[in-house]
Structure formats: C-alpha cells, structure tokens
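>>> give the three-dimensional model of this entry:
(one chain, ligands or ions: 2)
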Amino acid sequence: MARAKIALIGAGMIGGTLAHVAAREALGDVILFDIAEGTPQGKALDIAEATAVFGSDVALKGANDYADIAGADVCIVTAGVPRKPGMSRDDLIGINLKVMKAVGEGIKAHAPNAFVICITNPLDAMVWALQKFSGLPKEKVVGMAGVLDSARFAYFLAEKTGVSVQDIHAWTLGGHGDDMVPMVRHSTVGGLPLPDAVKAGFLSQDELDAIVDRTRKGGGEIVALLKTGSAFYAPAESAIAMAKSYLLDQKRVLPCAVWLSGEYGLSDLYVGVPALIGAAGVEKVIEFTTNDDEKAMFEKSVASVQGLLQACKDIDASLA
Ligand SMILES: NC(=O)C1=CN([C@@H]2O[C@H](COP(=O)(O)OP(=O)(O)OC[C@H]3O[C@@H](n4cnc5c(N)ncnc54)[C@H](O)[C@@H]3O)[C@@H](O)[C@H]2O)C=CC1
Ligand SMILES: O=C([O-])CC(=O)C(=O)O
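Ligands and ions are numbered 1, 2, ... in the order given. A predicted model of the protein is given here:
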C-alpha cells in the first residue's frame, strides 16, 4: 500500500517540527511547503538525512510550488506569522487572513481530498476562513488548539499532584484565547474529577484555580520566555495526534476547533469542542453537559470568536 502523503504548509518552527515528528513516526511522505525559498528545501534535506540515523523509509521534499502538494492526504497549515511579546493572537488577524486566502486556494486546486488541520492564529477565525477559502467539506477542515490547551492543563496538574501525566485526562472548551474554558468537572486525576481530587488532597482549591489561570495564559507564558516567537514542540505534537487519528482511523476523541451546526446551541462557526476524528474526518461532536458557570464562560469565549469572525468579514468582503 502506498504511504500517506502529508503536506505541511508553512516550514517555520512548527512546520519543521511537524516534519521531524512525522518522519520519525513514519506517518507518511512529507512535503514541506513555504513561500520562503530554501527554507523548506533545507529543512526537508536535513530531516531526510536524519532518517538514515533513526531508520525511517519516508521521503521528504521541500517546495515553493503548490503543485507539489498534489494528492496530499493530510495538510497541516502553519503558514503566517506568530506573535511577539506584548501582542495578542488577535493582532495577527490582518496578515494571517491574507495568508489563509492564498493557502485555501492552493489546497482547493491541488489537494481537495485532504484532511486539513489549521494551526495558524487567531485559530478559530483562521480555520473558519480557511474552510471558506478552500471550499473543502467542513468535516475535513479542523483547527488545532484544544489538544494543546488540554495538554498544558494536564501537564500542570501532573506537576502539581505528582500523578503521572498518563493518568490525567484534561479537557478544555471554547476558542483559543485567554478566555478558553478549562473544564474542571470533566477533567480527572487518577479517575477523580478535579473537585473530588481537591477533596482527596491531591491539590488545594487555590492551586487548582492557579492552574486554570495558567492554562488560559499558557501560550503567552511561552511567548514571553522565547521573545522571538511562540510555542512549537507541543503544538506540533498536538497536530500530529489529530493527523494520526485521521490517517489510522483511530476514532480518538480530541478537543478540536470544529464547525458546529446546532451542537452546543451554536451554528455557522468553528470553536473548540471534543470531536471524534476518524477516516471520515470529524465523525461526531461530543456535547459536554455544562452548569451555569461553565455555560457563561463558554458563551464569553464564543462571543470573542464571533467578534473575530466579524473582523474577518470586515477585512475581506468575500467572507461576509
Ligand atoms: N493553534 C495553536 O494552538 C497555535 C498556533 N500557533 C500559530 O501558528 C503559526 C505558525 O507558527 P510558527 O511556525 O512558530 O511561525 P514561523 O514564523 O516559524 O513559521 C511560519 C512560516 O509561514 C511561512 N509563510 C508566511 N506566509 C506564507 C504563505 N503565504 N504561504 C506559505 N507559507 C507562508 C513563513 O515563511 C514561515 O516559514 C502562527 O500563526 C502561530 O501564532 C502557534 C502555536 C500554537
Ligand atoms: O500563544 C501563541 O501565540 C501561540 C499559541 O497559540 C499557543 O502557544 O497557544
């Protein structure tokens, strides 16, 4: 059977890391595409040489021409710009919306059957615009943010409680902004929902509140440390988990930005919710029960996303 073809649109920090992980895991042949000449070719060659060390038979190629992504099974989009200290993700909207238009048209022309994972920020608005510009089916276009946000939540909980990160299941809902909603009642430490984990003495309520706050601001914490860009290892791993679930029909339930048509009482937008990812793309949206507090926080986050969609429509009338 032919190997899967994975097109990485954007060969920067996340794109290069994606190529490395995909090659190392032998997920498929990799095309690294970028508008910068030399960068995708150089990274592809460097990783291709590494395959002789880690023993993987996949092929890697760098490209500046969309024709090279032809027939891709998966496209992971990181093209655009990241934020720098002092900026919010939303400040990227003007530049990155234009990038999504070019990328959407490239995917539409050359890889219309791909499963597309958008990473570019501001995520919920960019994945919405990418779906519109590409015209691909909504169940085949998803955004990566929830896997990363919930991984941060899980890591901070593991660090504080001393429980293996493998026995922590953390969930977040909502847009990929500082008002995302870490789902305290639905997240578990060693099988205990977090309120019960507090009662059992794994951590105090104040410690849990601090972790929720740190999770919300997790992206900014890394931007402040790196100074020249944003997180890339955990974002790349998160997108690989999503790509794998599609390529291997794993049917994992992962928090992703997906198109909603009635679920959670919402329509016509992308926002982060748990979704089952299999060979057909988004096969099911899982609806968490929410109490009044959670509902209010989710609504606030959704309102931020809706504001960004309006901003996109104001910038590009073709999206209205
Ligand atoms: N959704 C999420 O959870 C996360 C999203 N991000 C976002 O991912 C994006 C990429 O981040 P990095 O890889 O760190 O940035 P980077 O700057 O290292 O790489 C971006 C690449 O995109 C390329 N590019 C720019 N315009 C292009 C175009 N029209 N077509 C093709 N390539 C183009 C650039 O040449 C560059 O190589 C940023 O918008 C960042 O904010 C970052 C971390 C997490
Ligand atoms: O914070 C940023 O700009 C990058 C990002 O989305 C994250 O790391 O969550």
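>>> enumerate every residue touching K244.
Applying C-beta atoms under 8 Å, 6 or more residues apart in numbering, we find K244 in contact with 25, 27, 250. Glycine gets a C-beta too; all of them are placed from N, C-alpha and C.
>>> what residue in the stretch 51-200 of the chain comes nearest to ligand 2?
Ligand 2 sits closest to R83 of the stretch 51-200 of the chain, with a gap of 4.3 Å, by C-beta to the nearest ligand atom.
>>> check contacts around that residue.
Going by C-beta under 8 Å, 6+ apart, the list of residues near R83 reads 89, 91-92, 121, 223, 230.
>>> can you give me the helices for the stretch 1-150 of the chain?
Taking DSSP state H, counting those that start in this stretch as the criterion, the stretch 1-150 of the chain contains helices spanning 13-24, 39-54, 93-110, 123-134, 146-161.
>>> tell me how many other residues surround A317.
Neighbourhood size, A317 [other C-beta atoms under 10 Å]: 7.
>>> and if you look at the one 3 residues further on?
The burial metric for A320, expressed as a neighbour count using other C-beta under 10 Å, is 9.
>>> could you say which helix or strand holds the nearest residue to it once chain neighbours are set aside?
Nearest residue to A320 in three dimensions, chain neighbours excluded: K313, at 4.3 Å (C-beta to C-beta, 6 or more residues apart in numbering). Secondary-structure element containing K313, defined by DSSP states H and E: helix 292-315.
>>> sorry, back to before: pick the most buried one from the helices of the stretch 1-150 of the chain.
Per-stretch averages of neighbours, counted by mean count of other C-beta atoms under 10 Å, single out helix 123-134 among the helices of the stretch 1-150 of the chain, with a mean of 27.
>>> ok, now how distant is the residue nearest to I69 when sequence neighbours are not counted from G71?
The shortest distance from I69 to any non-neighbouring residue, by C-beta to C-beta, 6+ apart, is to A7 (3.9 Å). With distances taken as C-beta to C-beta, to the nearest Å, A7 is found 9 Å from G71.
>>> just to revisit the earlier point, for the residue of the stretch 51-200 of the chain closest to ligand 2, what are phi and psi?
For R83, the backbone dihedrals (degrees, to the nearest 10) come out as phi -90, psi 160.
>>> how close does it get to G62?
Note on R83: its distance to G62, by C-beta to C-beta, is 26 Å.
>>> who touches A170 in this structure?
150-151, 153-154, 157, 182-183, 187.
>>> can you give me how far the helix or strand A243 falls within is from the chain middle?
In the assignment (DSSP H and E), A243 maps to helix 233-247. Between the mean C-alpha point of helix 233-247 and the mean C-alpha point of its chain there is a distance of 8 Å (C-alpha atoms, centre = their mean, to the nearest Å).
>>> I'd like the average pLDDT over the helix or strand following that helix.
Scanning forward in sequence from helix 233-247, with DSSP H and E defining helices and strands, the next element found is strand 252-261. Within the predicted structure, the mean pLDDT of strand 252-261 is 98.
>>> over to stretch 285-303?
When the per-residue pLDDT values of stretch 285-303 are averaged, the result is 97.
>>> what residues sit buried inside it?
Within stretch 285-303, the residues that qualify as buried are 285, 290, 294, 297-298, 301-302, counting by 16 or more other C-beta atoms under 10 Å.
>>> and the pLDDT for G15?
So, for G15, pLDDT stands at 99.
>>> next secondary structure after the helix or strand of the chain with the lowest mean pLDDT?
For the chain, scoring each helix and strand by mean pLDDT, DSSP states H and E identifies strand 181-182 as the least confident one, at a mean of 94. The first helix or strand that comes after strand 181-182 along the chain, using DSSP H and E, is strand 188-189.
>>> what is that next one packed up against?
Strand 188-189 sits against strand 168-169, helix 194-199, with contacts defined as 3 or more C-beta pairs under 8 Å, 6 or more residues apart in numbering; DSSP states H and E.
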